Structure formats: structure tokens, C-alpha cells
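> fold the stuff below for me.
(one chain, ligands or ions: 1)
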Amino acid sequence: MRPEHQTYERHRALVFDSGVGGLSVVGEIRNRLPDLALDYVADDAFRPYGEKSEAELTGRLPGLLATLAEMTSPDCIVIACNTASVTALEVIRAEIDIPVIGVVPAIKPAAAWSRTGTIGVLGTPGTVRRKYVGGLIQHFAGDCQVVLQGSVNLVEMAERKLAGESIDLNDIRREIAPLFEGREGADIDAVVLACTHFPLLREDLQRAARQTVRWIDSGAAIAKRVDVILNSIEKQKRTVRADTAFLIGPVAETNRKAAFQSFGFDQIVGLVPG
Ligand code: DGL
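Purely as a prediction, here's the structure:
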């Protein structure tokens, strides 16, 4: 039998982000569920999401995700992007009839862990000003001081790092310095990495920070959620095919090929935007 005609019973999930950020979530999913087949979509053509308006994101994402779901037939979708999730999760879910898991800032665990009662939230400019995040803070960090910091430059630094370029710590320092300013800043002992790109810079962030803090992201919790959801879905007979990373936009972006391969995506395919 030719390999393309072989079938096997396996779950398949689709992980979506504006760029390479979702790979930080893929890492956690691969650790927990090594047998899960994965596809990945990077919406390079529309990045950075952190600078887009709510109307732009809610206008684009439901239709795009519905098309991608049809194209890749996953059992569930992971929106591995805080900006997209806190802005458009409900409208995406309304468009799609399989489970859609959103990645939202890990404010609850950070507030529970903090000894000083002062935490930072480092996300994109869009994420830190969304109502959804205000709600999380009110709900789970009501007795904490919360310092918000938005940065879109860190997103592009993570992209460049995974394309093999070196990152200047001074550039990172400039982006995070406002977080640690003043008395409140000095009290911060936990920082929520509220953008999936940022765990890819974890060591760089720690080296650039003026104090030692715990950097908390949502990746492991999302992998656990995917596990629970898939447990309730029957496995389908599927044709064997490579785990594929689809890049929306110019395929010249494949200077990140090695990064996608190191997260288990053996095939990289360009998609024409629109
Ligand atoms: N990785 C995304 C997030 O978690 C967004 C990055 C961007 O495109 O601004 O927010």
C-alpha cells in the first residue's frame, strides 16, 4: 500500500496564531500529547494583531477560521493567541461547530502565586486594553496591584529570534522597563506572559529584567484543556499526512523553517491571503 493511502485512528488539532507565537503552546501540547497530529497556521499577512482594532479582528477571524477548519478537518482548534482570544473568541465559536479553545492571560495563577500581591501583565497593546482582561483582573486579582504593559515590538523580536537572528537585550530592556518603574514596579514578583510570542523570549526577558520574577504563561493549562476535550471526542480514521505549518502571506517568511521543523512540522505551505 502506498503511504498516502494508509489510514490510522488519531486525533488532529489545528493551532492558530498571527505568527510563531503559537509554537510556545505547541511545545506544551507536544509534551503532553505526543501522538496528537497537528496543523499550524500563522497569519503573517495580518500580523501584528496587537495593533489591530476589535472591529478588524472580529471581522477577519470567524470566516478565516471556518475556512481553515474546512481545509484541515481538525477535531478541535486552539486559538494560540491572547489578542485574538480576548477579542474574538465568542464570534469565532459562533461560526464553527467543533470545540474552539482560546488562550487567555494567566492572571488567576499569577495572582494566586504572588507573595507581594503585585503582578505585571505583559501582553500586546490590544490585549492589555481589552475589557475581557479587565474582567479577569477584577475576578481573579481583585486583591492585587496589577501593572499592565503592552508591547508590539517584543512580538517582532520573537519572530526574528525564531528566524535565527540575534536579539539585543537592550531592545528588550527598553520594552519592559516601564513595568518595573516606581514602587509598584519594584514590588512585582510575577509577570503574566499574556502573549504567546513572549514565552519564546523567556530567558531573554529574565536577563533583561531588573529583578527576578516568575514569568507565567498559559501553555501547560491549554495543553491540559486540549487533552480533556479530545478525550470526549471519538478518534476518526484519517489518511496519514505530515503535520503541516501553513503560512498566510509571502512564503519568503520561511526563514523560520527550522523553527517550525523543530516543533514537529515537517511540511511548510504558503497560503495566498484573501
Ligand atoms: N501571539 C499573539 C498573542 O498572543 C499576538 C501577536 C501579535 O500579532 O500582535 O497575543
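
> the helix or strand harbouring I101 pairs with which strands, parallel or anti?
Using DSSP states H and E, I101 sits within strand 100-102. In the sheet containing strand 100-102, the strands it pairs with under DSSP bridges are strand 76-79 (parallel).

> in the partner strand, what counts as buried?
Going by neighbour count (16 or more other CB atoms under 10 Å), the buried part of strand 76-79 is C76, I77, V78, I79. (C-beta placed from N, C-alpha, C; glycine too.)

> what do you get for stretch 148-156?
Buried residues in stretch 148-156, counted by 16+ other CB under 10 Å: L148, Q149, G150, S151, V152, L154, V155.

> quick one: is that stretch near the ligand?
Yes - using CB under 6 Å from any ligand atom, stretch 148-156 reaches the ligand at V152, V155.

> just the endpoints, please. Distance across that stretch?
For stretch 148-156, the separation between the terminal residues is 19 Å (CA to CA, to the nearest Å).

> centre of the chain to that stretch, how far?
Here the centre of stretch 148-156 is set off from its chain's centre by 14 Å, with CA atoms, centre = their mean, to the nearest Å.

> hmm, back to that, which single one of the buried residues of stretch 148-156 is nearest to the ligand?
Out of those, the one with the shortest distance to the ligand is V155. That distance is 4.4 Å, counting by CB to the nearest ligand atom.

> so what's E175 up against?
Contacts for E175 were tallied using CB atoms under 8 Å, 6 or more residues apart in numbering; they are S151, N153, L154, M157.

> repeat that for 6 Å
The neighbourhood of E175, defined by CB atoms under 6 Å, 6 or more residues apart in numbering, consists of S151, N153, L154.

> any idea of the mean pLDDT for the helix or strand that L65 is a member of?
Taking DSSP H and E as the definition, L65 sits inside helix 54-72. Confidence for helix 54-72, expressed as mean pLDDT, is 98.

> just stretch 261-274 next, same as before
Per-residue confidence for stretch 261-274 averages out to 90 on the pLDDT scale.

> same thing with stretch 120-133?
In this model, stretch 120-133 has a mean pLDDT of 98.

> what comes up buried for it?
By 16+ other CB under 10 Å, the buried positions in stretch 120-133 come out as G120, V121, L122, G123, T124, P125, G126, T127, V128, R130, Y132, V133.

> quick check: residues of the stretch 101-250 of the chain near the ligand?
Counting by CB under 6 Å from any ligand atom, the residues of the stretch 101-250 of the chain lying close to the ligand are T124, T127, V152, V155, C195, T196, H197.

> for the stretch 51-200 of the chain, what spans make up the strands?
76-79, 100-102, 118-123, 145-150, 190-194 (DSSP state E, counting those that start in this stretch).

> ok, back up a step: so the helix holding L65, near the ligand or not?
No - using CB under 6 Å from any ligand atom, helix 54-72 stays clear of the ligand, with a minimum separation of 10.0 Å.

> so how far is that helix off the chain centroid?
Relative to the chain's own centre, helix 54-72 is displaced by 16 Å; criterion: CA atoms, centre = their mean.

> for that helix, output the C-alpha coordinates as PDB.
Included here for helix 54-72 are C-alpha records, laid out as PDB according to Å, rounded to 0.1, in the frame of the first residue of the first chain:
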ATOM      1  CA  GLU A  54     -11.500  45.000  17.700                       C
ATOM      2  CA  ALA A  55     -13.600  45.500  14.500                       C
ATOM      3  CA  GLU A  56     -10.700  44.400  12.300                       C
ATOM      4  CA  LEU A  57     -10.100  41.200  14.300                       C
ATOM      5  CA  THR A  58     -13.800  40.300  14.700                       C
ATOM      6  CA  GLY A  59     -14.300  41.000  11.000                       C
ATOM      7  CA  ARG A  60     -11.400  38.700   9.900                       C
ATOM      8  CA  LEU A  61     -11.200  35.800  12.200                       C
ATOM      9  CA  PRO A  62     -14.500  33.900  12.200                       C
ATOM     10  CA  GLY A  63     -14.500  33.500   8.400                       C
ATOM     11  CA  LEU A  64     -10.800  32.700   8.200                       C
ATOM     12  CA  LEU A  65     -11.000  30.100  11.000                       C
ATOM     13  CA  ALA A  66     -14.100  28.500   9.400                       C
ATOM     14  CA  THR A  67     -12.200  28.100   6.100                       C
ATOM     15  CA  LEU A  68      -9.100  26.700   7.800                       C
ATOM     16  CA  ALA A  69     -11.200  24.200   9.700                       C
ATOM     17  CA  GLU A  70     -12.700  23.000   6.500                       C
ATOM     18  CA  MET A  71      -9.300  22.800   4.900                       C
ATOM     19  CA  THR A  72      -7.600  20.800   7.700                       C
END
